[in-house]
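Colleague: coords below, sequence missing:
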C-alpha cells in the first residue's frame, strides 16, 4: 500500500506540474482534491490504521513517515490555491523547514513507479467496492461482519493480499479473509462477486 500511494502521488506531481505550466488550474485543483479525498483519505489512511496501531515499531515508523510525506507533498501541490492553510499545516508537519513557500516544488521520480503494487491495490479496491455494493443491495448492516473468500489463480496476487489482509478487513467489513486458488470450502449458497 505504501508503494501504491507513492506511485499515485508521483503521477499526481507529474500531472499537476504539466497542468500548472499550461495554466489549467481547474483541472489541477480537481486532480489534487480527488487524490487527497479518494486515494489518500478513503483508501490509504484506512489501510494504514492497522499498521499504526500494530506492535511492530518499525511498521509504525514506516507508515507514519509515508503518511507525513504524502500529506506534505499534497500541501505543496495545494499551496498555490490555499497558501495560508497549507503553510500552517506544512509548518506542523515539517517544523525544521523555514517555510512552505521557500521549499522546492515536488518532482516526478521514475524510481517510484510501482505498477504491480498499483495493480494489487486496485484489485483490493474493486473487491471492496463489490462487497460494499452487495451488502447494500442485501441490506446487511455495517455492524455484521462476514467471512470473505478471495479466489484467484494468480499466486502473486494471493501472496500480496496475504501480506496486508489484516489492513483491509475493516474496509471489507470482514471478520476473516480466506485466500484460495480454487473455489473449495466455499458454501454453495455464498454470495459471489466477480472483479
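Modeller: Here it is on my side, so go on. Just so it is clear, the model here is predicted, and its values are computed rather than measured.

Colleague: The protein: strands as residue ranges?
Modeller: All strands of the chain, identified by DSSP state E, fall at 146-151, 174-180.

Colleague: neighbours of residue 151, just the number please.
Modeller: Using other CB atoms under 10 Å, residue 151 has 15 neighbouring residues. For every residue, glycine as well, the C-beta is placed using N, CA and C.

Colleague: Would you format the strands of the chain as CSV with distance to residue 69 included?
Modeller: What follows is the strands of the chain, written out as CSV (distance: least, CB to CB, whole Å):
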stretch, distance to residue 69
strand 146-151, 30
strand 174-180, 28
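
Colleague: Go through these and pick out the most buried.
Modeller: Of all those, strand 146-151 has the most neighbours on average by mean count of other CB atoms under 10 Å, namely a mean of 17.

Colleague: Show the low-confidence segments of the protein, by residue range.
Modeller: For the chain, applying pLDDT under 70 flags no range at all.

Colleague: Grab the most central residue of this structure for me.
Modeller: Per CA atoms, centre = their mean, the C-alpha nearest to the average position across the chain is that of residue 44, at 2.9 Å.

Colleague: any idea how far residue 172 lies from residue 83?
Modeller: In this view, residue 172 and residue 83 are 39 Å apart by CB to CB, to the nearest Å.

Colleague: got the residue ranges for the helices in the chain?
Modeller: Secondary structure of the chain by DSSP state H: the helices cover 2-21, 25-34, 46-52, 57-78, 83-93, 115-137, 155-163, 165-172.
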